[in-house]
Every structure is written in C-alpha cells, then in structure tokens.
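> Sequence first, predicted coordinates after that:
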Amino acid sequence: MKLIFSLLKNSRLKFFFAIFLSALSAVTGVAVIAFINDVIGKLSVGEELSFSILTFLLLILFLFFLTFFSQSLITALGHKVVYELRLSISRRLMNTSVERIDQLGQPVIMATLTNDIAAISKAFNSLPFVVFGISVIFCSYGYLLWLSIPFFIATMIMSAFSIWIGRKLMIISRGYKKRVRDNDDSLYENYQAMLQGRNELKLSQERNTFFYQEHLEPTAEYTRKLDTKADRMIVLNGSWINTSVLLVIAVVVLMHVQFSIGTIEQVTGYVLAVLFLRSPMAGFVGSLPSLIQGAIAFSKVKTLALAEEDEHQTKQFSIAENWQVLNLKGVEYDYTTQNDDIGFSVGPIDLTINQGELIFWVGGNGCGKSTCARLLAGLYQAHRGTIEFSGEMINQDNLGWYRNHFSVVFADFYLFKNLINEEGKIPDTKLVTHYLDKLALNNKVTVKEGLLNTTELSQGQRKRLALLLAYLENRSIIILDEWAADQDPAFRRTFYTELLPELQARGKTIIAITHDDHYFHLADKVYRIDAGKIFQINKQNQQSTWKST
Ligand SMILES: Nc1ncnc2c1ncn2[C@@H]1O[C@H](COP(=O)(O)OP(=O)(O)OP(=O)(O)O)[C@@H](O)[C@H]1O
C-alpha cells in the first residue's frame, strides 16, 4: 500500500475514482448473484420470468461496462506511474554525484534500471486484479452477512484462519524473493564481466570454464533455488485459499444438514456467492507475488540513496568569462574501502591556476592524477579544504555553475553521438568540419545535423572525437587525462605542438595529464603527483628539483 500511495502522489484523485468504479462493479457483480438466487427461488414456485430476464440483461451490460471502465482506468494509471517512475529514477540518477555512482557500481544500477523498474511496473499492472478482487471480497462478505448471520460468523472464523496462514506463507516467500533480488546484483556483475570480458573469455577456454562454473552458474543456481522456494510458498498459498473457499461451502452445508441452520434458499445463495468469489479471489492471490516483488524493488531503489529530483538539470548558468584565478587550498579526498575504512587519500592540495595557463600533471600509475582531475572539475567533492574560483568559494549552491566551466576527456570517457555547442544546440557544420580536419578525422567520420555517423572507431580516433566534443562545448578549462597516450607519434606531436598552443591562444586553460616528458618544455607549469600529493617541478632547474607548492 505504501508503494502504491507514494507512487500515485500525482494521481490520487483518479485512483480513488477508479477504486470507486471498481467497488461499484463489484457491488453490481454481487447484485447479479443475488438476482440469480432470487430467480431460482421464483422458478421453484413457477413465477413469470420475462421482466426478470430484461433486468438481468441490463444488469450484466452495466456490469460489463463498469468493469471495463474501472479496470482500464487503473491500467492507464499504472502505466502512467511506471512512466513517471522511469523518468524520476533517471533524473535522480543524473542528479546523483559521480562518487555515489562509482561507489554503487554499474551492475547495481543496471539491476535497478531494468529489474526493479520492471518489477514495480508488473506490480502496477496487477493493480486492476487487486482492486477488483478486494472490492468483490468486501461486497460478497456484505451479501453473505445479509444472507445469514450464523453462516457469516463461521465464514469469518475460517477466513481469519486462512488469512493468517496465507500471510505467514507470503512472509516466507517475501524473504526468499528479497534474497533473490540481492543476488541479482551479482548476476548483473557476471553479465557485465561476460560482455566486457568477451575477448578474454573467448581466448582462454580455462578462464571461460572457470568463469562459467565458479561464478555464473553458482549465482544463477542460487537464484533458481530461492525462486523455486518462494514460488512454492506462493503456489501453496493459492491452493490453500482455493481449498479454504471450498471448505466454507462444506461447513455451510454441514451446518444446515446437521444442525438445521438456515433455509435451503440461504444455503443455495451462500454456495453461489462463495463460488462467485473464487475467481476474483484467485486473481487477487495470484497478483500477490507481483506486489511483493514490486515492494522489494521499491525498497531496493531506496537503498541506492540516489539524489532527490530537482530542477537544476535545466538551469542555464551564466559563465564567468574572466575568472582569472582558480585556487585550491588544503583540498583532501579519502577513498573508503569496502569495510568503510579509509583507503587511498589525496591531498592536501594547494594549487593556483591562472586563466590561460597550459599545465601538465605527471606521475606514476595510481598516484592520484585522475582523482585530482575529478576534484578539480567538481565531480568529486573535497572532504576537507576549499576551492575558490573567480572570487567565489565553491559550495553546494554554486557547484553546478563551477562545473560548467570545465570540459574533461577522461581515460574512460563516453562518446555521445550527438554534437552540441555551448548553448546545447546543433553546432555550425563549418566549425565541425574545421575541427574534423584538425583532428585528421575528415575521411573517417561524417556529421549530419549534429549527429556523428559512427563512433565505431579505433581508440585513438575515438579519443580525437572526444576532443572534438570538448572543442565544441567551448568551455574555459579543458582537462585531458592522458589524451595523447593512444595517439600515434606524428599526431602526438601535432597535439603538443599545434592543438594545445592553439587552444591556449584562444584563451583556454588546459590541464593535461601526461607521461610525455619530451614536451614538458611547452607547458607553463609542470606538476608531479606522488602518492596523492602534488609538487611543482621547477622548470628552470633542469635537475628536476621538486618544489612543494
Ligand atoms: N573507485 C575507487 N575506490 C577506491 N579507491 C580508488 C578508486 N579509484 C581509485 N582508487 C585509489 O586511488 C588511487 C589513485 O587512483 P587514480 O585513478 O587517481 O590514479 P591515476 O594517477 O590516475 O592512475 P593511472 O595513471 O593508472 O590512471 C589508486 O591507486 C587507488 O588506490
């Protein structure tokens, strides 16, 4: 119920109207049964039936339309909620910090985007059966009470017992399903390994077998076992509820035969009503697994602790053209390990970047260069220390504005096929052609209305396209994370001796992470990053004296 109400926050009125229609259709259904019961009574005393047949036809026509309208309204609402949920989770994901997304990892997020949304969607699709089932159950109970109080008391006692057992079975099933859902994250991790490690798996039969036998199969097997147990409880519950309904009939007949309780008309009416109840009840019980899985998926989405939705994605920032100085003071960042202990730490970093400078960062693998780049671009937020940009201290309120001054090509960049300019519009074709020429890609790629015809290129060429995207964004600060590492020697030279100076001449500030020491002389400043600390290399002193900044 909590799941339904929180998701229906914008359509509660419509939902209550649909429930009202559903209840009305349930009342009409019970009225049809009462009517048939009445007709059977009249038939037994040989009364005229022509008027009754017309009433009966009108009643079932009314029932048909009412059921159709109420259920199609709930179905449409369900689809709307799923649509809103899909967009809402995507918006929240886009608002979530890069750090949080990195912490969660892609398999966990993919499991939510596919599994959880599908489960919630299925839960909503079962809503018409649930609402109709509950309405019919309530109306039928009202009719049963009206027919006979003693029979009703017996029915209530048996129903309470049945529900108690059913609830226990559903709790057990829910426990299993929750464990299945937790295991789905590992299953997605295996899927990711299978796809991303396709070359390695194809080349090594041993790894292929090991991966299949030690990872994929046990994970899938665990899910199979728990799913089987969970579904066994669900099937048991279905059979139990079905049998309980028949038991009610047996008890009512027994009460009449053995203790002469009620009249034969009451018994017939009771049996008819209880039999009528079986199908909506089966629909309701049958939709419980979807509801359970929907609730599990909903709580799983909550555990991701995604950011809240807000409007900042569509905000237009006024860019500081003349920011002059970017200052980092005592900036520190700690990675946490899986046990929440502090892992690798970066900083304290004290750094001054002047507008228009060409800066190189060098350092060994794992020394913290990419982490520093993420901190500088505002993708990771410093745990301690401050960033001052264009005279403004950077905080949560102006972080989005600050980030909008950066273009970054990371080592693990993603290449969007659509080109956009600094205004988020399709860029000028002449400008794109000009940059494609510059990046020696004009024979490889064509662009039509801002859409690249392909991104299926070599790694070095894809990196050139990533640089094209950065060119077109026309941001003031460009960070390039080992951009030249995948380029051939000739183009690497072009990059250092032509492209970077040209960007600098256009007033861009460039921070290039690099290992290419032949080109260090071209930079205004060179810094070495070592074990998370940053030191400026004194360029005047060719003996490479490291000077702490
Ligand atoms: N997601 C992460 N979770 C925990 N620790 C991490 C994570 N990413 C990096 N680290 C730690 O931070 C250190 C610095 O990583 P970083 O990617 O900044 O290094 P780098 O200098 O860019 O390395 P490379 O030259 O190999 O790309 C790593 O040695 C690692 O211990």
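That came in fine, so what should we check first?
> which stretches of the protein form strands?
Ranges of strands in the chain, per DSSP state E, are 325-336, 342-354, 358-362, 384-389, 392-393, 406-409, 447-448, 451-452, 477-481, 509-513, 525-530, 533-537, 546-548.
> what about the fifth one, average pLDDT?
When pLDDT is averaged over strand 392-393, the result is 88.
> Same check on the first one?
Here the mean pLDDT over strand 325-336 is 90, rounded to a whole number.
> just the longest one next, same as before
Mean pLDDT, taken over the full extent of strand 342-354, equals 87.
> So which residues on the stretch 351-500 of the chain come close to the ligand?
For the stretch 351-500 of the chain, the contact set with the ligand under C-beta under 6 Å from any ligand atom comprises 363, 365-371, 411. Where you see a C-beta, it was placed from the backbone N, CA and C, and this is true even at glycine.
> Just among those residues, which is most surrounded?
residue 369 (26 neighbours; other C-beta atoms under 10 Å).
> Verify the stated contact: that residue with residue 480.
No: counting by C-beta atoms under 8 Å, residue 480 is not a contact partner of residue 369; they are 11.3 Å apart.
> which residues are common contacts for the two?
residue 513 (C-beta atoms under 8 Å, 6 or more residues apart in numbering).
> how about the helices in the stretch 351-500 of the chain?
369-376, 399-403, 429-438, 459-473, 489-494, 500-505 (DSSP state H, counting those that start in this stretch).
> Can you name the residues of the protein that neighbour the ligand?
102, 335, 343-344, 363, 365-371, 411.
> Now with 8 Å, please.
By the rule C-beta under 8 Å from any ligand atom, the part of the chain lying against the ligand is 102-103, 335-337, 343-344, 346, 363-374, 411, 481-482, 513, 529, 532.
> if we can go back for a sec, tabulate the strands of the chain (a markdown table), appending mean neighbour count.
Formatted as a markdown table, the strands of the chain follow (neighbours: other C-beta atoms under 10 Å):
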| stretch | mean neighbour count |
| --- | --- |
| strand 325-336 | 17 |
| strand 342-354 | 17 |
| strand 358-362 | 22 |
| strand 384-389 | 16 |
| strand 392-393 | 12 |
| strand 406-409 | 21 |
| strand 447-448 | 14 |
| strand 451-452 | 16 |
| strand 477-481 | 23 |
| strand 509-513 | 24 |
| strand 525-530 | 20 |
| strand 533-537 | 19 |
| strand 546-548 | 10 |
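> got TSV for those, with distance to residue 468 too?
Below are those laid out as TSV (distance: least, C-beta to C-beta, whole Å):
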stretch	distance to residue 468
strand 325-336	25
strand 342-354	24
strand 358-362	20
strand 384-389	26
strand 392-393	31
strand 406-409	10
strand 447-448	9
strand 451-452	9
strand 477-481	12
strand 509-513	16
strand 525-530	27
strand 533-537	30
strand 546-548	36
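> Out of these, flag the one nearest residue 121.
Nearest to residue 121, of all the strands of the chain, is strand 451-452, at 30.9 Å by C-beta to C-beta.
> Now that closest one: average pLDDT?
For strand 451-452, mean pLDDT is 86.
> Give the other helices and strands that that strand contacts.
Helices and strands touching strand 451-452, as assessed by 3 or more C-beta pairs under 8 Å, 6 or more residues apart in numbering; DSSP states H and E, are absent.
> The residue of the stretch 101-250 of the chain found nearest the ligand: neighbouring residues, count only.
Going by C-beta to the nearest ligand atom, the ligand is nearest to residue 102 of the stretch 101-250 of the chain, at 5.1 Å. Counted with other C-beta under 10 Å, the neighbours of residue 102 add up to 13.
> which helix is the longest one in the protein?
helix 149-196 (DSSP state H).
> for it, what is the average pLDDT?
Taken as a whole, helix 149-196 carries a mean pLDDT of 91.
> next one: stretch 264-274
85.
> That one: which residues count as buried?
Buried residues in stretch 264-274, counted by 16 or more other C-beta atoms under 10 Å: 266-270, 272-274.
> Output it as PDB, restricted to C-alpha atoms.
Only the C-alpha atoms of stretch 264-274 are listed here, as PDB (Å, rounded to 0.1, in the frame of the first residue of the first chain):
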ATOM      1  CA  ILE A 264     -32.300 -24.200   1.600                       C
ATOM      2  CA  GLU A 265     -32.500 -20.800  -0.300                       C
ATOM      3  CA  GLN A 266     -29.900 -19.300   2.100                       C
ATOM      4  CA  VAL A 267     -27.600 -22.300   1.600                       C
ATOM      5  CA  THR A 268     -28.000 -22.100  -2.300                       C
ATOM      6  CA  GLY A 269     -27.400 -18.400  -2.200                       C
ATOM      7  CA  TYR A 270     -24.400 -18.800   0.000                       C
ATOM      8  CA  VAL A 271     -22.900 -21.500  -2.200                       C
ATOM      9  CA  LEU A 272     -23.400 -19.400  -5.300                       C
ATOM     10  CA  ALA A 273     -21.900 -16.300  -3.700                       C
ATOM     11  CA  VAL A 274     -18.900 -18.200  -2.400                       C
END
